[in-house]
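Asker: Sequence first, predicted model second:
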Amino acid sequence: MIQEVATKENAVITIISITIIVLNMMMIIVLGIKNAIMVATMAEVTTVTMAEIMAEVTAVTMAEVTAATMAVITVVAKDVAAVGAGCFNSINI
């Protein structure tokens, strides 16, 4: 009788132990999946954010460079026109 109770207790303890082991393994799998999702999400967010920042910086930089270049070209063109007009006036005098 005592031996039967002890055997049943051992069986219950074994079942509980196996259940705990299975739950721990499931938790490890879930944490692994969660970490994989987090890494993928962070990579996606970083990539999109960096692309947007680079696009904005490129657009602003190109606009500033273009404006500065056009300003210089305009000044040079006016100077060349003035010199040309001066030469033309000198020749016609």
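Answerer: Alright, I've got the coordinates.
Asker: so what's Gly84 scoring on pLDDT?
Answerer: Here, the pLDDT recorded for Gly84 equals 68.
Asker: And for the one 5 residues further on?
Answerer: Confidence per residue is given as pLDDT, and for Asn89 that number is 60.
Asker: Next, count neighbours for Val60.
Answerer: Residues near Val60, counting by other C-beta atoms under 10 Å, number 10. (C-beta placed from N, C-alpha, C; glycine too.)
Asker: err, Val76, not the other one
Answerer: What Val76 shows, counting by other C-beta under 10 Å, is a neighbour count of 10.
Asker: likewise Ala68?
Answerer: If you count neighbours by other C-beta under 10 Å, Ala68 ends up with 10.
Asker: Please apply the same query to Ile53.
Answerer: 10.
Asker: Same question for Ala81.
Answerer: Going by other C-beta under 10 Å, the residues that sit close to Ala81 add up to 10.
Asker: Lys34 now?
Answerer: When neighbours are defined as other C-beta under 10 Å, Lys34 has 10 of them.
Asker: Kindly state the pLDDT recorded for it?
Answerer: pLDDT recorded at Lys34 is 92.
Asker: Where does it fall, secondary structure wise?
Answerer: helix 2-92 (DSSP states H and E).
Asker: so how far is that helix off the chain centroid?
Answerer: Mean C-alpha position of helix 2-92 versus that of the full chain (C-alpha atoms, centre = their mean, to the nearest Å) differs by 0 Å.
Asker: Relative to Ala40, how far out is the residue nearest in space to the middle of the chain?
Answerer: By C-alpha atoms, centre = their mean, the chain has its centre lying nearest to Thr46, at 1.6 Å. The gap separating Thr46 from Ala40 is 11 Å, by C-beta to C-beta, to the nearest Å.
Asker: Great, nothing more from me.
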